[in-house]
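Engineer: All I have is the shape, not the residue letters:
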């Protein structure tokens, strides 16, 4: 029987993470993701008022399809090896590298209007293009297939 190849064992996760960390920078710049002054003030206030022992906000994405991606935030106290970080006075913002691919160039703002307060993700498709909705099923345009 002939030798069909030489087995090379796969790299251990530690080796992969070490090679990624040589080129991966965890620090984000405001060009990657902007958090407006009003959003920073509100986020710091929320963390300060929290009874939980948290020091960071995690920004995440979900969904997809015709409705587009959904964006949200949650408290966290743990940073993973795949997180990128924006540091502010009194708190940090963590965004994992997958979410960052959809958020790069976006702005997070905090808006107060006549009894309605909310965080808004502006320009979320700045780098990836698109609108967050598809026209293939007709739902986005209100029409059905013909």
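Structural biologist: Arrived safely, thanks for sending. Here the structure is a predicted model, which is why all the values come from computation and not from measurement.
Engineer: Which pLDDT value does the model give residue 121?
Structural biologist: The per-residue pLDDT reported for residue 121 equals 90.
Engineer: oh sorry, the question was meant for residue 91
Structural biologist: 92.
Engineer: try residue 101
Structural biologist: pLDDT, residue 101: 87.
Engineer: What of residue 145?
Structural biologist: 45.
Engineer: Can you show me the helices along the protein?
Structural biologist: For the chain, applying DSSP state H gives helices covering 13-21, 37-49, 97-103.
Engineer: Hmm, residue 57 and residue 74 touching each other?
Structural biologist: Yes - using Cβ atoms under 8 Å, residue 74 makes contact with residue 57 at a distance of 7.2 Å. Any C-beta I mention is one placed from the backbone N, CA and C, and that applies to glycine too.
Engineer: Give the bridge partners for residue 95, please.
Structural biologist: Taking DSSP bridges, one obtains residue 59, residue 84 as the residues bridged to residue 95.
Engineer: Same question for residue 106.
Structural biologist: residue 33.
Engineer: ok, it - contacts?
Structural biologist: Going by Cβ atoms under 8 Å, 6 or more residues apart in numbering, residue 106 touches 33, 34, 121, 122, 123, 124, 126.
Engineer: how does it look with 7 Å?
Structural biologist: Going by Cβ atoms under 7 Å, 6 or more residues apart in numbering, residue 106 touches 33, 121, 122, 123, 124, 126.
Engineer: and if you look at residue 36?
Structural biologist: 107, 108, 109, 110.
Engineer: State whether the second one and residue 124 are indeed in contact, as I suppose.
Structural biologist: No - with contacts counted by Cβ atoms under 7 Å, residue 108 stays clear of residue 124, the gap being 9.6 Å.
Engineer: shaky segments in this protein?
Structural biologist: Counting by pLDDT under 70, the chain has low-confidence residues at 1-25, 64-65, 67, 125-146.
Engineer: rerun that using 80 as the cut-off
Structural biologist: When residues are selected by pLDDT under 80, those of the chain lie in 1-30, 51-52, 63-69, 124-146.
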